[in-house]
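Peer 1: sequence first, predicted model second:
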Amino acid sequence: MAFAESNLEAPCEELGPESAAEELYRMGLVYSTGLGVPVDYVTAHKWFNLAALRGYADAKQSRKELADFMSTEEIAAAQKAAREWLSLAN
């Protein structure tokens, strides 16, 4: 993946439901590259999925690429985490 050259800072806290798609995408980049945090593909997929749901086109591609490195169970866990995050808005 071409994420390693990104100039991102590690997340300090979780984002809320009102977060913009680009912020969600950047969180996916942080977790997919381990920039200041341990690499966590499940969490990265969650953030890419949320950004994609908000229409961020690059997130769809990043999510697809990342899924190639994940098991079916990991993808299911990421999707469940995204649904739980979305439930915060309700």
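Peer 2: Nice, thanks for sending it over.

Peer 1: regarding this protein, what is its longest helix?
Peer 2: Using DSSP state H, we find that the single longest helix of the chain is helix 72-87.

Peer 1: show me what that one is packed up against.
Peer 2: Packing contacts for helix 72-87, counted by 3 or more CB pairs under 8 Å, 6 or more residues apart in numbering; DSSP states H and E, involve helix 41-53. Bear in mind the C-beta positions are built from the backbone N, C-alpha and C, glycine included.

Peer 1: and stretch 68-87, average pLDDT?
Peer 2: What stretch 68-87 shows for mean pLDDT is 96.

Peer 1: which residues are in contact with that stretch?
Peer 2: P17, Y41, V42, T43, A44, H45, K46, N49, L50, L53, A67 (CB atoms under 8 Å, 6 or more residues apart in numbering).

Peer 1: run the last query once more with 7 Å
Peer 2: Stretch 68-87 has contacts (CB atoms under 7 Å, 6 or more residues apart in numbering) with Y41, V42, H45, K46, N49, L50, A67.

Peer 1: please report how far the last one lies from G36.
Peer 2: Yep, that's A67 we're talking about. To G36, A67 is 23 Å away according to CB to CB, to the nearest Å.

Peer 1: ok, now which ones touch the residue nearest the centre of the chain?
Peer 2: Closest to where the C-alpha atoms of the chain average out (CA atoms, centre = their mean) is W47, at 2.2 Å. W47 makes contact with L24, Y25, M27, G28, Y31, according to CB under 7 Å, 6+ apart.

Peer 1: ok, V42 - contacts?
Peer 2: E74, A77, A78, A81.

Peer 1: just for the protein, where's the confidence low?
Peer 2: Applying pLDDT under 70 to the chain picks out residues 1-19, 89-90.

Peer 1: ok, now with 90
Peer 2: 1-20, 88-90 (pLDDT under 90).

Peer 1: is it true that G55 touches A21?
Peer 2: Yes. Counting by CB atoms under 7 Å, G55 does reach A21; the two are 6.0 Å apart.

Peer 1: state the distance from the nearest residue to A67 once chain neighbours are set aside to L66.
Peer 2: Nearest non-adjacent residue to A67, counting by CB to CB, 6 or more residues apart in numbering: I75, 5.8 Å away. From I75 over to L66 the distance is 9 Å, taken as CB to CB.
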